[in-house]
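S.K.: Show me how the following folds:
(one chain, ligands or ions: 1)
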Amino acid sequence: MKILVTGGSGYIGSFTSKSLLDKDYEVVIADDLERGHKEVLDKRATLEQGNLLDKDFVAYLFQKHKFDGVIHFAGYISMAESTERPYMYFENNVFTAINLLDNMYRNGVNNFIFSSTAGVYGSPKYTPIPEDHPKNPENPYGESKLIVERILSWSNKIHGISFAALRYFNASGAALDGSMGEGHNPETHIIPNAIKAALKGTDFILYGEDYDTPDKTCVRDYIHVLDLAEAHILALNKLIKDKGEYFYNVGTGKGYSNKEVIEMVKMVSGIDFKVNIAGRRPGDANILVADPTRIQKELSFRPYHSSLGTIVETAWLWHKKSLNN
Ligand SMILES: NC(=O)c1ccc[n+]([C@@H]2O[C@H](COP(=O)([O-])OP(=O)(O)OC[C@H]3O[C@@H](n4cnc5c(N)ncnc54)[C@H](O)[C@@H]3O)[C@@H](O)[C@H]2O)c1
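M.R.: Numbering: from 1, shown residues only. Prediction:
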């Protein structure tokens, strides 16, 4: 089966491409490499370099290849940046999806997996969060993902395009041998930033110590990128078997506070870096923990690599290696 993986030179896309290739799927990666890394591209994949906002480029992809499905990772991912540059986020995250869907419809491609986010829920009214929890995004990034989810429902109703919107909680971790990992620019995620503080001897900035949680710091649900990659393959198989529209939380159901994450990074690295407390970031909820019952029941999803220890150990291994290269 031939799968178009957009954003396949980015963090989650590169891991999912590798998992697909290991399972003998044919993979075409479409990425403009603006925020991705050419060196993570798997040699077994075909790279089509271009911007998915360019309608001619997207039309060319579907003329050249006969895809059985599309996994759409490409997009901008920073909540904070989206509050400064909302139009850039709406344009890139919404119009890339429309360009793909339009060409899928014209070329009879019916299976779409979408990288959505826990950010569609906003500050939750209750936790753990099930998929039918009210949606109330608190920044343009989360809103852009919710808009695409709604467009997908219309695509399913009108053109019969089946889709799974995977609402990731916190993607994290690296390859078990440290050969691939997370490299965002800008980097806003706590684990890579705490590891960088440990490696470079800089202070770590902790945003907010006045949340309504047991240790007063935010609580998040971390999902290892290898488990996340597997969730995409399970969702793809589901679409091929049972047409329709599906929404899944991809998390573990267990939360860790920012302080627990920092302690884990200090323990794994053996380095005691300084933590400076800054004010809250706008839109950061107290607790964001998934209720993963649906994906566990319907797709038999099991997050084998998502203990905080494994996540931080693999991330540490990768960051240490990449600093030495
Ligand atoms: N990382 C997380 O914790 C997280 C959480 C929730 C959702 N997501 C979603 O998962 C997806 C992948 O996230 P990631 O962490 O791998 O991001 P990433 O920034 O590492 O990868 C995104 C890739 O998309 C490419 N890209 C962006 N816009 C493009 C365009 N217009 N045309 C072609 N290529 C383009 C970039 O060059 C990059 O390689 C994103 O859609 C993100 O919103 C990520």
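
S.K.: Show me the strands in the stretch 51-200 of the chain, by range?
M.R.: Taking DSSP state E, counting those that start in this stretch as the test, the strands found in the stretch 51-200 of the chain are 69-72, 111-117, 162-168, 170-172.

S.K.: what's the span of stretch 48-60, first residue to last?
M.R.: Counting by Cα to Cα, to the nearest Å, you get 10 Å between the two ends of stretch 48-60.

S.K.: Of all the strands of the stretch 51-200 of the chain, which one comes closest to E313?
M.R.: Closest to E313 of the strands of the stretch 51-200 of the chain, according to Cβ to Cβ: strand 170-172, at 11.4 Å. (Each C-beta comes from the backbone N, C-alpha and C, glycine too.)

S.K.: and the closest one with the ligand, contact?
M.R.: Yes. Using Cβ under 6 Å from any ligand atom, we find that strand 170-172 touches the ligand at N170, A171.

S.K.: For that strand, which helices and strands make contact with it?
M.R.: Applying 3 or more Cβ pairs under 8 Å, 6 or more residues apart in numbering; DSSP states H and E, we find strand 170-172 packed against strand 222-224, helix 225-241.

S.K.: strand partners of the next helix or strand after the longest one, parallel vs antiparallel please.
M.R.: On the C-terminal side of helix 225-241, the closest following helix or strand by DSSP states H and E is strand 245-250. Using DSSP bridges, the strands paired with strand 245-250 in its sheet are strand 162-168 (parallel).

S.K.: Run the angle between the partner strand and helix 225-241 for me.
M.R.: Here strand 162-168 runs at an angle of 160 degrees relative to helix 225-241 (axes from the mean of the first three to the mean of the last three Cα atoms, to 10 degrees).

S.K.: Could you check the angle strand 162-168 makes with strand 111-117?
M.R.: 20 degrees.

S.K.: so where do the helices sit in the stretch 1-150 of the chain?
M.R.: Assigned by DSSP state H, counting those that start in this stretch, the stretch 1-150 of the chain shows helices spanning 11-22, 55-64, 79-84, 86-90, 96-107, 140-159.

S.K.: about what we covered before: can I get the helices and strands packed on strand 170-172 in JSON lines with distance to the ligand, mean neighbour count and mean pLDDT?
M.R.: Formatted as JSON lines, the helices and strands packed on strand 170-172 follow (distance: least, Cβ to the nearest ligand atom, whole Å; neighbours: other Cβ atoms under 10 Å; pLDDT from 0 to 100):
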{"stretch": "strand 222-224", "distance to the ligand": "8", "mean neighbour count": "25", "mean pLDDT": "98"}
{"stretch": "helix 225-241", "distance to the ligand": "8", "mean neighbour count": "21", "mean pLDDT": "98"}
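
S.K.: and the ones you listed as CSV, adding distance to A175?
M.R.: Shown next, in CSV, are the helices and strands packed on strand 170-172 (distance: least, Cβ to Cβ, whole Å):
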stretch, distance to A175
strand 222-224, 10
helix 225-241, 8
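
S.K.: Noted, bye for now.
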